[in-house]
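Q: Show me the folded form of this:
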Amino acid sequence: WRTRQFNLFGNFDQGNYPRQVTRVYGRNVTEADGSNTFLHQDVFQRNRFKNNYLKMGLDYFITDKQTIGILANGYKNAFNNEIYSQTQLGRKDQPADSIVNSLTTNDNKFDNIAVNLNYKAVLDTAGGREISFDADYAQFNNHRFMQLNDSLYDTHLQTDRNPNSIRNTGGTQVLIKSLKADLSWPLGKEGKLEAGAKTSFVTTTNVLQFDSLYNGKYLNSPALSDRFNYQEDIYAAYATYRKQLHKTGVQLGLRVESTRSTGHSYSTNTAVKRSYTDFFPNLSIEQKINDSNKISVAVSRRIERPQYGQLNPFMFYLDKYTYFRGNPYLRPQYSNIGELSYTFKEKYIATLRYTRIKDMMEEFITQDDSSKASISTERNYDKTDIYSLSLTVPIQVTKWWSSDNNTDLSYNKFRFEDPITGDPFFRYNLHYYISSTNTITLPHDMKVEVMGYYNSPFVFGIFSGYAQYNLNLGVQKMFLDKKATVKLSYNNILR
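A: So this is what the prediction gives:
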């Protein structure tokens, strides 16, 4: 709804996304007497994710050059799963001595509310000088319940024994407050300066309580329970200068960020404090050769900080022998990127890219031989090199059929160190990804969209993945002189 002074908008989205995952693990455990026990583990996981998302906004046009607005959005989602696991223990290539059967259930509920207040003003009649301000507040809540039941089947006695059950309840709250100001200012006939500053304050509170079954009753397990609080303050400023010199466009920018963070675990009474300032320059040059051809080169440095859940030192169980633990000592990862692009007729694009990632954050698995458990945690890899070639090829097959096609070919090299011995390890992989989105325009304002992709077998860190492929289908119908649209989609047709 829009008038001369007001603009009211919003949308609601609801979805249900089931998924199944199958995994196979093989482990060789060295016992205290020097003998080896082999564990073969089959895992089947059934996931269900439901989402409800609402966004509402209102803009008020104070004058032709000043606008103030408010935007609110939120979601109420649920994620639950059942994880069935069977672990066979024994000598390698021999019948199992015992089998551990387990069922893990997880029930998670998420909700969020976020509010943004914004103001924008055009400072001159030409419209090139602009200033804007944003104030944001967001709150995220997560409530979870997990229960793990398992028992051991003795293949020699053919009996079940040692039934075990643990459960946990917990919650996470994340509060984010931020302020931002941006300025756009023309400099000369073909130049422009953009600058801004932002500050954000994040507080997370995490509580987890474990209970174990003893003699038919659930009793609290203080050794597994914990409370973890995290505070992160970021102060940032940036400036970008753009200049068009005949057929050459140049962009030069710099972003400076200062971060202060503290993570505190109450069970161990330990705190991890960090304070660092980083500089992130970027430079890009675009050269127009003629009306159909242009090339560009760009270099940049970027940062990716750990997600708050990755820093949380809590344990999350997959089964008795497999669990995940957060890492409060996880550091940010830094990427240096260089790329060369060629564009033909503003739609066919080929890009060569090189990326060097320092301290890449990725999952790593260690093994505790005494408990036979595998512990998954995020850690920093030493360095990662990625060489890639990407192609974008849109095709107008007919007047009513268009096809957007993308291909990505990459060579990946990972270097990491053994956490115990410090010995370096290397992994390499040649990987490709192909996708195609086809849009068919039908009479009566209808469209059909068919999207398919193929992702080749891959290596990422210590993991190897099978090939992935899928097909999605969507139908769209417009009403009321194309002012209203209804869409219906069916995803994961091949699964």
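
Q: and for stretch 131-139, what are the contacting residues?
A: When contacts are defined by CB atoms under 8 Å, 6 or more residues apart in numbering, stretch 131-139 is touched by residues 112-121, 123, 173-184. Every residue, glycine included, has its C-beta placed from N, CA and C.

Q: Need the CA coordinates for stretch 281-298. PDB is fine.
A: Below are the C-alpha coordinates for stretch 281-298, written out as PDB (Å, rounded to 0.1, in the frame of the first residue of the first chain):
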ATOM      1  CA  PRO A 281      41.600  -2.800   1.800                       C
ATOM      2  CA  ASN A 282      40.000  -3.500  -1.600                       C
ATOM      3  CA  LEU A 283      40.900  -2.400  -5.100                       C
ATOM      4  CA  SER A 284      39.000  -3.000  -8.400                       C
ATOM      5  CA  ILE A 285      39.700  -1.800 -11.900                       C
ATOM      6  CA  GLU A 286      37.300  -2.300 -14.800                       C
ATOM      7  CA  GLN A 287      38.400  -1.600 -18.400                       C
ATOM      8  CA  LYS A 288      35.800  -1.300 -21.200                       C
ATOM      9  CA  ILE A 289      37.300  -2.500 -24.500                       C
ATOM     10  CA  ASN A 290      34.300  -1.800 -26.700                       C
ATOM     11  CA  ASP A 291      30.500  -2.100 -26.400                       C
ATOM     12  CA  SER A 292      30.600  -5.900 -26.200                       C
ATOM     13  CA  ASN A 293      33.800  -6.600 -24.200                       C
ATOM     14  CA  LYS A 294      35.200  -5.600 -20.900                       C
ATOM     15  CA  ILE A 295      37.700  -7.000 -18.300                       C
ATOM     16  CA  SER A 296      38.100  -6.300 -14.600                       C
ATOM     17  CA  VAL A 297      40.600  -7.100 -11.900                       C
ATOM     18  CA  ALA A 298      40.000  -7.000  -8.200                       C
END
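
Q: Could I get the buried residue list for it?
A: Of the residues in stretch 281-298, those buried by neighbour count under the rule 16 or more other CB atoms under 10 Å are 282, 284, 286, 288, 294, 296, 298.

Q: The third one is in contact with residue 245, isn't it?
A: No: look at residue 286 against residue 245 with CB atoms under 8 Å: they stay out of range, at 10.6 Å.

Q: The buried residues of stretch 281-298: which two are farthest apart?
A: Greatest spatial distance in the buried residues of stretch 281-298: 282 and 288, 20.4 Å, computed using CB to CB.

Q: roughly how far apart are residue 236 and residue 179?
A: 11 Å (CB to CB, to the nearest Å).

Q: between those two, who's got more neighbours?
A: Taking neighbours as other CB atoms under 10 Å, residue 236 and residue 179 compare with residue 236 leading, 17 against 13.

Q: The helix or strand where the more buried one lies pairs with which strands, and in what direction?
A: Following DSSP states H and E, one finds residue 236 within strand 226-245. Neighbouring strands of strand 226-245 in its sheet, by DSSP bridges, are strand 191-214 (antiparallel), strand 248-265 (antiparallel).

Q: Mean neighbour count, distance to residue 488 and mean pLDDT added to these, as CSV?
A: Output for these, formatted as CSV (neighbours: other CB atoms under 10 Å; distance: least, CB to CB, whole Å; pLDDT from 0 to 100):
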stretch, mean neighbour count, distance to residue 488, mean pLDDT
strand 191-214, 17, 38, 93
strand 248-265, 17, 41, 95
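
Q: Reformat those strands as TSV; add distance to residue 21.
A: Formatted as TSV, the strands paired with strand 226-245 follow (distance: least, CB to CB, whole Å):
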stretch	distance to residue 21
strand 191-214	24
strand 248-265	30
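
Q: out of those, which comes closest to residue 101?
A: That would be strand 191-214 among these, by CB to CB, at 16.1 Å.

Q: Grab the nearest non-local neighbour of residue 299.
A: residue 338 (4.8 Å; CB to CB, 6 or more residues apart in numbering).

Q: From the chain's centroid, how far away is the helix or strand harbouring the one you found?
A: Using DSSP H and E, residue 338 sits within strand 333-344. Distance of strand 333-344 from the chain centroid (CA atoms, centre = their mean, to the nearest Å) equals 21 Å.

Q: contacting residues around it?
A: Strand 333-344 is contacted from outside by 278, 292-304, 349-361, 380, using CB under 8 Å, 6+ apart.

Q: Got phi/psi on the residue positioned nearest the centre of the chain?
A: By CA atoms, centre = their mean, the chain has its centre lying nearest to residue 307, at 8.8 Å. Residue 307 has phi and psi values of phi -70, psi 150 when expressed as degrees, to the nearest 10.

Q: Any figure for the gap between it and residue 364?
A: Distance from residue 307 to residue 364, by CB to CB: 16 Å.

Q: same deal with residue 394?
A: 40 Å.

Q: Who has more neighbours out of those two?
A: Ranked by neighbour count (other CB under 10 Å), residue 394 and residue 364 place residue 364 first, with 18 against 14.

Q: That one is in what secondary structure piece?
A: If you go by DSSP H and E, residue 364 is part of strand 361-368.

Q: neighbouring contacts of that strand?
A: Counting by CB under 8 Å, 6+ apart, 27, 29, 304, 306, 310, 330-333, 373-381, 416, 419-420, 460-463 sit against strand 361-368.

Q: the helices in the stretch 251-400 of the chain, which residues?
A: 308-311 (DSSP state H, counting those that start in this stretch).

Q: Strands along that one, start to end?
A: With DSSP state E, counting those that start in this stretch as the criterion, the stretch 251-400 of the chain has strands at 270-288, 293-304, 315-319, 322-325, 333-344, 348-358, 361-368, 373-380, 383-398.

Q: Over to residue 461: give its phi and psi.
A: Dihedral angles for residue 461 - degrees, to the nearest 10 - are phi 70, psi -130.

Q: Let me see the contact set for it.
A: Neighbours of residue 461 in contact, by CB under 8 Å, 6+ apart: 360, 362-364, 381, 414, 416, 427.

Q: Let me see the confidence value for the residue of the chain most remote from its centre.
A: What lies farthest from the middle of the chain is residue 157; by CA atoms, centre = their mean that is 47.2 Å. pLDDT, residue 157: 82.

Q: For residue 492, see how far away it is.
A: 44 Å.

Q: which residues touch the least confident helix or strand in the chain by mean pLDDT?
A: The helix or strand of the chain with the poorest confidence is strand 315-319; it has a mean of 80 (mean pLDDT, DSSP states H and E). Counting contacts by CB under 8 Å, 6+ apart, the residues outside strand 315-319 that touch it are 41, 43, 83, 85, 87, 100, 102, 104, 146, 148, 150, 166, 224, 323-325.

Q: Can you go through those residues and name the buried ones?
A: 41, 43, 83, 85, 87, 100, 102, 104, 146, 148, 150, 166, 224, 323-324.

Q: Quick one: which of these has the lowest pLDDT value?
A: Checked by pLDDT, these have residue 224 as the lowest-scoring entry (82).

Q: Look at it and give its secondary structure.
A: On the three-state scheme (DSSP: H, G, I helix; E, B strand; the rest coil), residue 224 is labelled coil.

Q: Hmm, residue 210 and it touching each other?
A: Yes: using CB under 8 Å, residue 224 is in contact with residue 210, at 3.7 Å.

Q: shared neighbours of the two, anything?
A: Shared contacts of residue 224 and residue 210, counting by CB under 8 Å, 6+ apart, come down to 166, 168.

Q: all strands of the stretch 1-150 of the chain, in order?
A: For the stretch 1-150 of the chain, the strands defined by DSSP E, counting those that start in this stretch occupy 6-30, 36-63, 66-90, 98-122, 130-154.

Q: Give the other helices and strands that the third one contacts.
A: Meaning strand 66-90. If contacts are counted by 3 or more CB pairs under 8 Å, 6 or more residues apart in numbering; DSSP states H and E, strand 66-90 sits against strand 36-63, strand 98-122, strand 315-319.
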